[in-house]
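K.L.:
below is the sequence, then the predicted model.
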Amino acid sequence: MRFLFEKDTWQEIYGSIRKNKTRTAITIFGAFWGILLLVGLLGAAKGIENSFNSMFGDFATNSVFMSGSRTSMPFKGFQEGRQINLTTRDVDKIRTEIKGIQFVVPRNATGGQVTHDFKTGNFTVFGDFPLLDKVQKKKLIDGRFINQKDIDENRKICVISDGIYKELYDKGEEAVGTYLKISNISYQVVGVYKSGRFEGKNNIHIPFSTFRVVYNQGDKFMWMVVTGKKEFDIVQVEADVKLLLKNIHKIHPDDNRAFRGFNLGKEIAKVTGFLTGMQFLTWFVGIATLIAGVFAIGNILLITVKERTKEIGIRRALGATPNKVRQQIVLESLFLTLLAGSLGIIAGGLILMLIDSQDLLTNPTVNIPIVLIAYSVLVILGTLIGFIPAYMATIVKPIDALREE
Amino acid sequence: MIKIEKLHKSYPIGKDSLHVLKGIDLHIKEGEFVSIMGSSGSGKSTLLNIVGLLDLHDEGTYYLNGQLIKDMNEKKAALLRNKFLGFVFQSFNLISYKTALENVALPLYYKGMSRKERLEVALDYLEKVGLKDWANHLPNELSGGQKQRVAIARALVTKPKVVLADEPTGALDSTTTDSVMDLLKDINDEGMTVFVITHEEEVADQTKRIVRLKDGLIISDELTKASKAV
C-alpha cells in the first residue's frame, strides 16, 4: 500500500484528471448530484421537522380539545338534537375517574370591544385558568400570567397578546399596570405575551372565574383541553373521557356527534408519521442516487478505459505492469469519488445555508456522522466500482491495445 | 544480445490457425544496426512484437541479453521491457495530453525514478534529439518528425539495451525520414543495438544489416554498404 502515499502516484493521476477536464466533470457529476441530493434532502427534511416542532412547541402535544354539541340519537327519554354543555362538575369527574389524565383545562371565549385611551378594537376574550400556561405555553414579554389568587378573588385583570399591545398601545409604552375596557368593564393589564403560531394574534385572557361572573356563564364553559400523561395513549384517553361524559350527560354510547373534539396528539402523530415517511423517502432517494452516481463513475471510467486502450497499451509497452495500470484506474476512481463527494457535500451545505438564510425552514441541518457515513459509503463504492474498468484495462494485451487506432 | 532459434508463431483464426513465423533463426549482437524487410504479411511485425515481449512465441528459443524468455507473464514482460527495450512506433504513440517532456519521462516513472530526477533526465534526452525548446508542447503542437524524435527520446531515456523501431519513418516525408534515420544512426554509433522494421529500401540501406523475410522465413541476411564503409 506504500504507493498510496507516494507523491508520484497522485501526480500521475492528477495529471490524467486535470488534463481531461470535461471527462472528469462528466464522470463526477452523477456522484456529486447524489450526495448533493442526499445532504440537501436530509437537511430539508430536518428543517421541516424543526419548523413543525417549533410551531407546536408551545402546545402540549398529547392533548385533545373537546366541546359539547348536539346529540344525534334519542336516549333515555331525551330527544335527539339536545344541546350538551360541559360544566365544571364534569371537569372534577374527569380528573378523578380517568386514568392517565395530566391536566383538564376548561376554557371560555367571547368577542368583545376593547378600549385603551382613544384606541379601540374587537378582540377575542378568553376566560382561563393558570393551568393554560401548562398546555399552551405563554411566552411572557412582560408581567405575569393569570394566577390562582386572580381566580379565587374574581379579579378584574387581563393578560394580552403582543398583537393587541401593538394595536392599543404606542411603541415603547408600558402596558402592565394600565387599564383596558372590555365591554365597558375595566381590567388591569398584568402581562403581555408573544403569541405562538397556532393561536390568534389578538387574544385577551381574563380569569375563568371573572369571565363566568361577567358573562353570566354559571357552571358551563365552552371547551376544554385534556392532556394525557406521556406514557398514556391520547386516543384512548379521549375515548375514556367521552364515555364518561356520555354517562354523565345521558347520551347514547354510540352517539358520536354529541361532543366535538380535535385530537392534537392524533394529528401530530399523523404528521410525525408523514415526516418519518419523508425521511425514509429522502434516505431512499438519496442513497439510490448515490449508488446510481457511483455506477455512473464506474460506467464512464469503463468507457474511458475503452477510449484509453491505446494510452494504456503505450504505458504498458513502456514498462507499466498490469498492477500499475490497475492501480492507476482504481485510484482515479477513488480520487474522482472523493472529489465528487467533497463538492457535493459543500454544495449541499451551501444550499442548506441559503435555505436557512431565507428562513424557509427552521435550522435545516444534517448530522455530521451521517454525512461522513454517506461520504465513506460513496468512496468505498467508488473504489470497488473502479476495479471493473481496471480489470477491463488489463484484459487487453498490450499488443492489441497498441494496434487499436 | 538477441538470439532466436527455430522460432514459430501462429495465430488462431477460427478453427484454423495462421502460421506466421515458420522457424526463424536470428542472432543480433550488441551494437548492431539491423533492419528487417519484407512485404506486409511476411511476419516482420510479429517478429518485432515477439522480440519486444509484446507477444509470446509458440516454439523455439529466444534469449534477450542472455536471458531465456520463457513462461513470461505480463508483469515480468513489463519489467523486462522497461529495463532492456525501447520502442519507436510508426504512429509515434505519444500520450496526447502529456507534454513532450512528460512523455519522455513516462518510462522513468514506471522505473520508479523521482519526478524531479526523471524530468531532468528527460530534458537531457530531448536536448539530444534537438527538441529542448519544445519540451512543454503537447504532441499535437509538434510536426510528425518532431513527434518521432520525441518518441525516440522516450525510447532511449531508460538506457535500454535494444531500440526496437516499427516502421519509424512510415508516417514521415523523405526529409524528416532522413533526420530520423540520422538520429537512429547516431544512437547506433554510440553503441546501442537498433532493430528497425521497414519496407522502404532507402531506409534499410542506411542500416548496417538487412534481414529479408518472406512468408515467415528469412530469405536473405546481408551486410550493407553502410556497414562496410565504417
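P.N.:
Now that the structure is in, tell me what you want to look at. Residues are numbered from 1 along each chain as shown, chains lettered A, B, ... in the order given.
K.L.:
tell me how many other residues surround A:Pro253.
P.N.:
Neighbours of A:Pro253 under the rule other C-beta atoms under 10 Å in any protein chain shown: 11. Where C-beta positions appear, they are placed from N, C-alpha and C, glycine not excepted.
K.L.:
per-residue pLDDT, it?
P.N.:
The model reports A:Pro253 with a pLDDT of 85.
K.L.:
what residues are up against it?
P.N.:
Taking C-beta atoms under 8 Å, 6 or more residues apart in numbering or on different chains as the criterion, A:Pro253 is in contact with A:Leu243, A:Lys246.
K.L.:
then A:Ser195?
P.N.:
With contact set as C-beta under 8 Å, 6+ apart, A:Ser195 has these partners: A:Ser161, A:Asp162, A:Gly163, A:Lys201, A:Asn203.
K.L.:
what about 6 Å?
P.N.:
Each residue near A:Ser195 by C-beta atoms under 6 Å, 6 or more residues apart in numbering or on different chains is listed here: A:Ser161, A:Gly163, A:Lys201.
K.L.:
roughly how far does the nearest residue to it once chain neighbours are set aside sit from B:Ile197?
P.N.:
With C-beta to C-beta, 6 or more residues apart in numbering or on different chains as the measure, A:Ser161 is the residue that lies nearest to A:Ser195, at 4.3 Å, once sequence neighbours are left out. Note on A:Ser161: its distance to B:Ile197, by C-beta to C-beta, to the nearest Å, is 96 Å.
K.L.:
and if you look at A:Val159?
P.N.:
Remark: distance between A:Val159 and B:Ile197 (C-beta to C-beta) = 102 Å.
K.L.:
neighbour-wise, which of those two wins?
P.N.:
Neighbours were counted for A:Val159 and for B:Ile197 using other C-beta under 10 Å; A:Val159 has more, 29 against 26.
K.L.:
what are the phi and psi angles of that one?
P.N.:
Comment: the main-chain dihedrals of A:Val159 come out as phi -120, psi 130, following degrees, to the nearest 10.
K.L.:
ok, A:Val225 next?
P.N.:
Here is the backbone geometry of A:Val225 (degrees, to the nearest 10): phi -110, psi 120.
K.L.:
and the closest residue to A:Tyr391 other than its chain neighbours, helix, strand or coil?
P.N.:
Setting aside the residues directly before and after it, A:Tyr391 is nearest to A:Arg326 in space (C-beta to C-beta, 6+ apart), at 7.2 Å. Remark: A:Arg326 carries the secondary structure label helix [criterion: DSSP: H, G, I helix; E, B strand; the rest coil].
K.L.:
ok, now how distant is A:Arg326 from chain B?
P.N.:
A:Arg326 sits 11 Å away from chain B when distances are taken as C-beta to the nearest C-beta, to the nearest Å.
K.L.:
could you report the neighbour count for that residue?
P.N.:
There are 19 residues near A:Arg326, going by other C-beta under 10 Å.
K.L.:
same check, this time on A:Asn216
P.N.:
8.
K.L.:
so who does it touch?
P.N.:
With the criterion set at C-beta under 6 Å, 6+ apart, A:Asn216 makes contact with nothing.
K.L.:
which residues in chain B form strands?
P.N.:
B:2-13, B:16-28, B:33-37, B:59-64, B:67-68, B:85-88, B:162-166, B:193-198, B:209-214, B:217-223 (DSSP state E).
K.L.:
which one of those lies closest to chain A?
P.N.:
Chain A lies closest to strand B:85-88 among the strands of chain B, at 5.2 Å (C-beta to the nearest C-beta).
K.L.:
and that closest one, how far out from the chain's middle?
P.N.:
Centroid separation for strand B:85-88 versus its chain: 4 Å, with C-alpha atoms, centre = their mean, to the nearest Å.
K.L.:
check which strands are paired with it and give the direction for each one.
P.N.:
The partner list of strand B:85-88 in its sheet, established with DSSP bridges, is strand B:162-166 (parallel).
K.L.:
alpha carbons only: can I get the partner strand in CSV?
P.N.:
Taking Å, rounded to 0.1, in the frame of the first residue of the first chain, the C-alpha atoms of strand B:162-166 are listed here in CSV:
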residue,chain,number,x,y,z
VAL,B,162,17.9,-2.5,-27.7
VAL,B,163,15.8,0.0,-29.5
LEU,B,164,13.0,-1.5,-31.5
ALA,B,165,11.6,0.6,-34.2
ASP,B,166,8.4,-0.5,-36.1
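K.L.:
how about residues contacting that strand?
P.N.:
By C-beta under 6 Å, 6+ apart, the surrounding residues in contact with strand B:162-166 are B:48, B:52, B:85-90, B:155, B:192-197.
K.L.:
what's in contact with the top helix by length along chain B?
P.N.:
Ranked by residue count and defined by DSSP state H, the top helix of chain B is helix B:174-189. Outside helix B:174-189, the residues within contact range by C-beta under 6 Å, 6+ apart are B:Phe33, B:Gly145, B:Gln148, B:Ile152, B:Pro168, B:Thr169, B:Val194, B:Gln206.
K.L.:
at 8 Å instead, please
P.N.:
Helix B:174-189 has contacts (C-beta under 8 Å, 6+ apart) with B:31, B:33, B:129, B:143-145, B:148-149, B:152, B:156, B:163, B:165, B:168-169, B:172, B:194, B:196, B:200, B:202-203, B:206, B:208.
K.L.:
let's test this: mean pLDDT of stretch B:146-155, rounded?
P.N.:
The predicted model gives stretch B:146-155 an average pLDDT of 92.
K.L.:
list the contacts for the nearest residue to A:Lys201 once chain neighbours are set aside?
P.N.:
Leaving out its chain neighbours, the residue that sits closest to A:Lys201 by C-beta to C-beta, 6+ apart is A:Gly163, at 3.4 Å. By C-beta under 8 Å, 6+ apart, the contact set of A:Gly163 is A:Ser195, A:Gly200, A:Lys201, A:Asn202, A:Asn203.
K.L.:
who touches the last one in this structure?
P.N.:
For A:Asn203, the contacting residues are A:Phe123, A:Thr124, A:Phe126, A:Ile160, A:Ser161, A:Gly163, A:Ile164, A:Ser195, by C-beta under 8 Å, 6+ apart.
K.L.:
can I take it that the third one is in a helix?
P.N.:
To tie it back to what came earlier, the one meant is A:Phe126. No: with three-state DSSP as the criterion, A:Phe126 is strand rather than part of a helix.
K.L.:
quickly list what it is bridged to.
P.N.:
Here A:Phe126 sits in beta bridges with A:Ala109, A:His205, as judged by DSSP bridges.
K.L.:
do I have it right that it meets A:Ile204?
P.N.:
Yes: with contact taken as C-beta atoms under 8 Å, A:Phe126 and A:Ile204 are classed as touching, separated by 6.8 Å.
K.L.:
from B:Glu5, how far out is B:Leu223?
P.N.:
Summarising the geometry, the distance separating B:Leu223 from B:Glu5, computed by C-beta to C-beta, is 21 Å.
K.L.:
try A:Thr110
P.N.:
Using C-beta to C-beta, A:Thr110 is found at 117 Å from B:Glu5.
K.L.:
and for A:Val125?
P.N.:
Computed with C-beta to C-beta, the distance linking A:Val125 and B:Glu5 is 115 Å.
K.L.:
tabulate the CA atom coordinates of the host helix or strand of A:Gly313 in PDB.
P.N.:
With elements taken from DSSP states H and E, the one containing A:Gly313 is helix A:309-317. Taking C-alpha atoms only, helix A:309-317 is exported to PDB below (Å, rounded to 0.1, in the frame of the first residue of the first chain):
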ATOM      1  CA  THR A 309      -7.000   1.500 -24.600                       C
ATOM      2  CA  LYS A 310      -4.200   2.900 -26.700                       C
ATOM      3  CA  GLU A 311      -2.800   5.000 -23.900                       C
ATOM      4  CA  ILE A 312      -2.800   2.000 -21.600                       C
ATOM      5  CA  GLY A 313      -1.100   0.000 -24.300                       C
ATOM      6  CA  ILE A 314       1.600   2.600 -24.700                       C
ATOM      7  CA  ARG A 315       2.100   2.800 -20.900                       C
ATOM      8  CA  ARG A 316       2.400  -1.000 -20.800                       C
ATOM      9  CA  ALA A 317       4.900  -1.100 -23.700                       C
END
